[in-house]
Each structure stands twice: as structure tokens, then as C-alpha cells.
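*Asks:* Turn this into a structure:
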Amino acid sequence: MVVTTEYVDIALAGSPMRTFVAAPKAEGEYPGIWCYSDIFQLTPPMLRTCVRLAGYGFVAAAPEIYRRIEPPGTVIAFDDAGRTRGLEDAAKTPVADFDADCRAGLDWLGKHPKVARGKIGAIGFCIGGHLAFRAALQPDVQAAACYYGTGIHDGKLGKDADAGSLARAKEIRGELLMIFGKQDPHVPEAGRETIDAVLRKSGARYRTILYPAEHAFTRDEGPRFDPEATDQAFGEMIGLFRKVFRG
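*Replies:* Alright, predicted model coming up:
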């Protein structure tokens, strides 16, 4: 499926939320997916993921998660200085700000002319995996794929030592796909077990998939990229969305 891409500035108080949007070129209405990046914002690997997702028949919209801190268009480098900068930006951002931007973004996406009414999902990577989990707390999010979400098991997110995300699992009405790498030090086995235990007890509809891979294994730049695990996880995500949004 041929796609189109553009950047859109969603007008919000303070600074606009610059958002990369990839959508099928063909006329029609498609499910909308709110896509969260890792701490480096809208890097080429993130944009390629959105374009690929759009090619499967979805409107993929990825916001800059640090719009209150960084100037629009800021892409953080994949190096030590960039990692420090991304983590510091996260540490300055209260969860309430992430949540407010999520709600504003979902409202915008739901009104997009190519998005089918009532068909909204979310994905995210690293910190974005946690943000996608929190997006699933919103009643209009029908499915979410959380890739190696950091801080879900211990509550750490942005400026908050405990965002309480996992404790709110009973609020999730859609389906979850929890994707992890077995060699990920940021979400160790004990952390994965904690997430599984709480989700199971909450009654949430979810599935966990564990790959023999490291943290950020889907990022197609750098030494941790695992093409096979990435393709398998992508296929599972597409399967979830097609099942949920069928018809």
C-alpha cells in the first residue's frame, strides 16, 4: 500500500505538538494508531516504523514527546550525550503532562479525515511503551502494543517516581500486546513477572511475547537491532490490530 507522510503541528498551550503522520494514500477510512517514540523522539527508525505501519492500512501518528522542553523538530542523537539529554528531558516531564498530551493527541487523531470513527489504537517503544500502556487507560483506545516498556513494573515514568500505571490495569478496556526482549536489563525477568501477575489478576485482555533479544531490539540503527525478532513482533502487532479493528 502506497502511503503519504507529513508533519502536523497540533496547537496546544505553550508549544505545539509536532506530529509525524503516515497514512495510506488511497481514499478511505482506516484505524488510527497513536505512536510513541523512545527517548530520542522522531528519529529515522521511528519514522520508518510509522511508514511501515501505514502501509498495512493504518493512520500512524507519532508526536514529539518532549514538546514542552525541546523546540519543534528536535531529534536527539543516538549517542551518550543524546541518551543523557533524552533521559533528562523525561525526568523533567510530569506524568500529568504526558497524560494531557495523550488525551489531546487521541482527540486530534479521532477527528482525522482518514481515521475511521471509533477505531483507535496505540503503540510505543521504551518510555513510549509505558506511554502506550497509559494510553490504553483511555476508554477509546481499543488495542495497544507496548514494546519493552520501561517503568511499567516499578512505576517510574518521567518526573514521577511512581506513576501507578500498573495499579490502574483494571481500567483498560482494550487489548494489550506486551513485547519484551529476554536480555533487556531495563525490564528484567522479575519485572516481567510483576507485570504479568498484575495484568492476570486485573482481568485485562493481554498477551505477552518474549524474544531472545536485547532492549530496543526493533531500532534498525545500532548493535542491538534484531531483524527477525522485529519482523515477528511487527507481525504480531498487525495481527492484534486487524483482529480488534475487523469490520
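
*Asks:* In which helix or strand does Gly85 reside?
*Replies:* Just so we're on the same page, residue 85 is Arg rather than Gly. Assessed by DSSP states H and E, Arg85 sits inside helix 80-91.

*Asks:* So in the protein, which strand runs the longest?
*Replies:* Looking across the chain with DSSP state E, the single longest strand is strand 115-125.

*Asks:* Would you mark the buried spots in that one?
*Replies:* Buried residues in strand 115-125, defined by neighbour count with 16 or more other CB atoms under 10 Å: 115, 119-125. Every residue, glycine included, has its C-beta placed from N, CA and C.

*Asks:* Over to stretch 188-206?
*Replies:* Using 16+ other CB under 10 Å as the test for burial, stretch 188-206 gives 191-192, 194-195, 198-199, 202, 204, 206.

*Asks:* and the most centrally placed residue in the chain, what are its bridge partners?
*Replies:* The centroid of the chain falls nearest to Gly124 when counting by CA atoms, centre = their mean (1.6 Å). Taking DSSP bridges as the rule, Gly124 bridges to Tyr36, Cys146.

*Asks:* Wait, it touches Tyr147, no?
*Replies:* Yes: counting by CB atoms under 8 Å, Tyr147 is a contact partner of Gly124 at 6.6 Å.

*Asks:* which helices and strands does the very next helix or strand once past the longest strand of the chain pack with?
*Replies:* Next along the chain after strand 115-125, taking DSSP H and E as the criterion, comes helix 127-135. Contacting helix 127-135 under the criterion 3 or more CB pairs under 8 Å, 6 or more residues apart in numbering; DSSP states H and E are the following elements: strand 30-36, helix 95-110, strand 115-125, strand 141-147.

*Asks:* Pro16 and Glu64, how far apart?
*Replies:* Computed with CB to CB, to the nearest Å, the distance linking Pro16 and Glu64 is 9 Å.

*Asks:* Please put the alpha-carbon coordinates of stretch 213-220 into PDB.
*Replies:* Only the C-alpha atoms of stretch 213-220 are listed here, as PDB (Å, rounded to 0.1, in the frame of the first residue of the first chain):
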ATOM      1  CA  ALA A 213      16.700 -10.100  22.200                       C
ATOM      2  CA  GLU A 214      18.000  -7.000  23.900                       C
ATOM      3  CA  HIS A 215      16.400  -3.700  24.800                       C
ATOM      4  CA  ALA A 216      15.500  -1.600  21.800                       C
ATOM      5  CA  PHE A 217      15.800  -4.600  19.500                       C
ATOM      6  CA  THR A 218      13.500  -3.100  16.900                       C
ATOM      7  CA  ARG A 219      15.600   0.000  16.400                       C
ATOM      8  CA  ASP A 220      17.200  -0.600  13.000                       C
END
